[in-house]
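Student: Here is the input, now give the coordinates:
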Amino acid sequence: MNAHQPLFGLSRRDFVKLSATGVAGVSLSGWMNVLASRAAEAGTKHKSCILLWMDGGPSQKDTFDMKPGTKNAGDFNPIKTAVPGIEISENFPKFAELTKEATIIRSMSTAEGAHGRARYYMHTGYKEGIGGLVYPSLGALASAEIGDPQNPVPNFVSIGARSFGSGFLGPKYQPLVVNDAAKGVENLKPLVGDTEFENRLDLLKEMEDAFYHDFQAGSSHAHQTTYDRAVTLMKSKEAKAFDLSLEKAETRDAYGKTKFGDGCLLARRLVETGVSFVEVNLGQWDTHQNNFEKVKELSGIVDPAMSALTKDLKQHGLLDSTLVIWMGEFGRTPAINTRAPKPGRDHFPRAWTSILIGGGIKSGQVIGATDKEGAAVTDKPVSALDFMASVCQLLGISYTKQNNAPNGRPIRIVDKGATPIKELF
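Tutor: Purely as a prediction, here's the structure:
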């Protein structure tokens, strides 16, 4: 599977077509926030997850697992945090004040060192190509397992870049892609009246049904599914969750006035609406060259956004029910690559760092450790499977559950050999 496969099954071009033909944006009246009413009735909060994906692989040694005083320590100094004994990079001063809400896992140890395969592995828990299947990503699994099927907003939204999709679970659990959070979902306004809109919808359905009757093509079902989901979103009052202009200026400012910051703010709005899984992408972490300048720049984008998101979720009463994950596909080498004109760090999956915030975790701690140079895990190694199982358990997903692939083969949500990280619970 390619990281840039079609997602949600509906591109911006499709939205334009729907808008142009009037298959969009009828009256917003009569739509209820089903998720909110159900949560109120049950007296429980819907579990959600926000994945802050650092594409390219961030340098753990220059962010959250610093090795001051060593040969390849780098350009940055460690600073104290709100938790005594935990130190992180000086480039995260805002987040340093919020470490009581987080757990830093410094002992990630995985097997894939190539970007494409590592991205796939850390999104799905399965190695690419195994068994001849395309496996569902964590976002699709969350959509299927804990998403509310009545929620008019898709239960999996990817912001800032395309993510991995639903694999063999099918188009129903594909993510909606929002390229620019500040613009939201475009082309939702109708160009015709309500009656004409309904007539054209009926015509579209007749054509879809006739085609499927004649050809029995699976792609026809997928096409109809994605258009149905799009129309549902277009009709819903919940679609206003995508409008960041409804937020106060000071709130938007707190997130850092960046595309990533806007993505984090949109993620909070979507979770508040009942969306189960939101991925927010920040690229350019592949720092083979000019590592220190790039890490400083990127850290300066992450720090206000991740910190504001943590505070915002807490203020809205959502932090305990929302798990925030900060990670990339792997880390960077402890040694500095001096061959480049501006020194960098290369790929390093053997020992790296991820962060969990909220979601009911046991927080204010560090799990695992690496050696003096950060070259090897010395305490509590965490595999990709262990990490996936832990996230599933935190979200209330049975990681041993089996889903049937199209060939009838039962596939576990997380493959055998996974052990949740007990220190998180």
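
Student: show me where the stretch 201-350 of the chain has strands.
Tutor: 277-282, 322-327, 331-332, 347-348 (DSSP state E, counting those that start in this stretch).

Student: Make JSON lines out of those and add mean pLDDT and mean neighbour count.
Tutor: All C-beta atoms are positioned from the backbone trio N, CA, C, and that covers glycine. As requested, the strands of the stretch 201-350 of the chain are arranged in JSON lines below (pLDDT from 0 to 100; neighbours: other CB atoms under 10 Å):
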{"stretch": "strand 277-282", "mean pLDDT": "98", "mean neighbour count": "27"}
{"stretch": "strand 322-327", "mean pLDDT": "98", "mean neighbour count": "24"}
{"stretch": "strand 331-332", "mean pLDDT": "98", "mean neighbour count": "30"}
{"stretch": "strand 347-348", "mean pLDDT": "98", "mean neighbour count": "20"}
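
Student: In a markdown table: these, plus distance to residue 341.
Tutor: Below are the strands of the stretch 201-350 of the chain laid out as a markdown table (distance: least, CB to CB, whole Å):
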| stretch | distance to residue 341 |
| --- | --- |
| strand 277-282 | 25 |
| strand 322-327 | 29 |
| strand 331-332 | 18 |
| strand 347-348 | 19 |
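
Student: which residue is nearest the centroid of the chain?
Tutor: residue 279 (2.2 Å; CA atoms, centre = their mean).

Student: Return the distance of that one relative to residue 324.
Tutor: To residue 324, residue 279 is 11 Å away according to CB to CB, to the nearest Å.

Student: So which of the strands of the stretch 201-350 of the chain is nearest residue 368?
Tutor: Closest approach to residue 368 among the strands of the stretch 201-350 of the chain (CB to CB): strand 331-332, 12.7 Å.

Student: what helices or strands is the closest one leaning on?
Tutor: Packed against strand 331-332 by the contact rule (3 or more CB pairs under 8 Å, 6 or more residues apart in numbering; DSSP states H and E) you find strand 347-348, strand 352-358.

Student: Tell me what angle the helix or strand encompassing residue 49 forms with strand 322-327.
Tutor: Using DSSP states H and E, residue 49 sits within strand 48-54. Angle between the axes of strand 48-54 and strand 322-327 is 20 degrees (criterion: axes from the mean of the first three to the mean of the last three CA atoms, to 10 degrees).

Student: Run me through the strand neighbours of strand 48-54, direction for each.
Tutor: Strand pairing for strand 48-54, using DSSP bridges, gives strand 277-282 (parallel), strand 322-327 (parallel).

Student: Would you reformat those as JSON lines and include distance to residue 46?
Tutor: JSON lines is the format used below for the strands paired with strand 48-54 (distance: least, CB to CB, whole Å):
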{"stretch": "strand 277-282", "distance to residue 46": "11"}
{"stretch": "strand 322-327", "distance to residue 46": "9"}
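
Student: Could you give me the buried positions within the longest helix along the chain?
Tutor: What stands out as the longest helix in the chain, according to DSSP state H, is helix 291-315. Buried positions in helix 291-315, judged by neighbour count with 16 or more other CB atoms under 10 Å: 291-292, 294-295, 298-299, 301-314.

Student: among the helices and strands packed on strand 331-332, which is the most enclosed?
Tutor: strand 352-358 (a mean of 25; mean count of other CB atoms under 10 Å).

Student: what lines up beside that one in the sheet?
Tutor: strand 102-108 (antiparallel), strand 322-327 (antiparallel).

Student: Name the surrounding residues that touch the longest one.
Tutor: In other words, strand 102-108. 60, 64-65, 86, 88, 95, 310, 327, 331, 351-357, 361-370, 377-382, 387, 421, 423-424 (CB atoms under 8 Å, 6 or more residues apart in numbering).
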